[in-house]
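Trainee: got a sequence here, can you build the structure:
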Amino acid sequence: MSRKHETQRADIYSRIADRIIEDLARGVKPWMKPWHDRNMHGRITRPLRHNGQPYSGMNVLLLWSEGIARGFASPMWMTFKQALELGAAVRKGETGSTVVFASRFTKTEGDGNGGEVDREIPFLKTYSVFNVEQIDGLPEDYYHRPTPVCDPVARIQTADRFFRNTGAVIRHGGNQAFFAPASDLIQMPMFESFRDAASYYATLSHEATHWTAPAHRVGRDLSRYAKDKTERAREELIAELGSCFLCADLGIAPELEPRPDHASYLASWLNVLADDKRAIFQAAAHAQRAVSFLHSLQSGQAEERAAA
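Mentor: Got it, this is the predicted structure:
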């Protein structure tokens, strides 16, 4: 990769990380902003592409933050070109919101011995998208897409089924929630000890994200979790984001008031992000892999039940 491209990539990391650091320094977790907006209560979803497919990873955080900062109620976004292809046009004077695209390309290089080797080179680029509220002339259903309505009881039943299908061992008792790697189980306080059902499932989502870490699942190294404050902060940030992603998928509000043991990580996250501008991108990517893994367990369980 050329020095110019490497510099551009570093600038992208720095620009976005600095925005998140600024929020954290004010005591605001930017990935929680959408859930605090009273007009969106009960209607939080992941941001959606023009075709209805949800965004993932870092782009969820970026577009949630942009949507709230700019007052957009719609979760749907598209590029300037996609709007044109639909016979619509971005209104004059509107500015786009940044999303990122990360991938790798293969470059063939000499190995110094007369042979050739293929080397994978990561790259990151940004592009702009516009909320449908910035666009005129779209088909009517883009402006008035029906909001999924799921009553609280149905949401609880859906969440129960989701976590049951993961196959995770979940035990109840005591006053702490944690994942125990040695025994490979999730420990939760009794359901009745939580403020409400949403708080219970939000906490369980956090611990389920930790549960994905072992090598036979997604493979995140937790060996230094108990010894290294920085590694612990990184893993807790992954679980925090994983819980938010999963809560959006399940229609469950996350814990808007942080647990005491997690509130203490705020300063640690600031230190991690200040030292490593890529940390928030890595955490979001790990969180996305964890949540995708949990979702992947659902279809397999459904097929087994159908076969039975």
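
Trainee: could you look up the SS state of residue 133?
Mentor: Here residue 133 is recorded as helix under DSSP: H, G, I helix; E, B strand; the rest coil.

Trainee: just for the stretch 51-200 of the chain, where's the confidence low?
Mentor: Along the stretch 51-200 of the chain, the parts satisfying pLDDT under 70 run over 103-105, 111, 120-123, 145-152.

Trainee: so for the helix or strand where residue 83 lies, what gets flagged as buried?
Mentor: Assigned by DSSP states H and E, residue 83 belongs to helix 80-85. Judged by neighbour count (16 or more other Cβ atoms under 10 Å), helix 80-85 contains these buried residues: 80, 82-83. For every residue, glycine as well, the C-beta is placed using N, CA and C.

Trainee: how about these in a markdown table, adding distance to residue 183?
Mentor: A markdown table is the format used below for these (distance: Cβ to Cβ, whole Å):
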| residue | distance to residue 183 |
| --- | --- |
| 80 | 53 |
| 82 | 49 |
| 83 | 52 |
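
Trainee: which of these sits closest to residue 270?
Mentor: residue 80 (35.4 Å; Cβ to Cβ).

Trainee: break this protein down into its domains, please.
Mentor: Domain ranges of the chain: 3-143, 152-307, per automatic domain parsing.

Trainee: about what we covered before: tell me what the helix holding residue 83 is packed against?
Mentor: On a contact count with 3 or more Cβ pairs under 8 Å, 6 or more residues apart in numbering; DSSP states H and E, helix 80-85 meets strand 89-90, strand 116-131.

Trainee: deepest of the domains of the chain, which one?
Mentor: Comparing the domains of the chain by mean neighbour count (mean count of other Cβ atoms under 10 Å), domain 152-307 ranks first with a mean of 17.

Trainee: how far off centre is that one?
Mentor: Offset of domain 152-307 from its chain centre (Cα atoms, centre = their mean, to the nearest Å): 11 Å.

Trainee: separation between residue 128 and residue 84?
Mentor: According to Cβ to Cβ, to the nearest Å, residue 128 and residue 84 sit 14 Å apart.

Trainee: what ranges do the strands span in the protein?
Mentor: 77-78, 89-90, 97-110, 116-131, 135-136, 170-172, 178-180, 185-188 (DSSP state E).

Trainee: out of these, which is closest to residue 215?
Mentor: For these, the distance to residue 215 is smallest for strand 178-180, at 14.7 Å, taking Cβ to Cβ.

Trainee: touching stretch 179-192 from outside, list them.
Mentor: Outside stretch 179-192, the residues that touch it by Cβ atoms under 8 Å, 6 or more residues apart in numbering are 168-178, 197, 200, 203-204, 207-208, 210-211, 213-214, 222.

Trainee: one more pass at 6 Å, please.
Mentor: With Cβ atoms under 6 Å, 6 or more residues apart in numbering as the test, stretch 179-192 has contacts from 168-172, 175, 177-178, 200, 207, 210-211, 222.

Trainee: which of those sit farthest apart?
Mentor: Farthest-apart pair in the contacts of stretch 179-192 is 200 and 222; separation 23.8 Å (Cβ to Cβ).

Trainee: for residue 137, which non-adjacent residue is spatially closest?
Mentor: Distance criterion Cβ to Cβ, 6 or more residues apart in numbering; nearest residue to residue 137, sequence neighbours excluded, is residue 88 at 3.8 Å.

Trainee: any idea how far the nearest residue to residue 175 once chain neighbours are set aside lies from residue 207?
Mentor: Distances taken as Cβ to Cβ, 6+ apart place residue 189 nearest to residue 175, at 5.5 Å, with adjacent residues excluded. According to Cβ to Cβ, residue 189 stands 11 Å off from residue 207.
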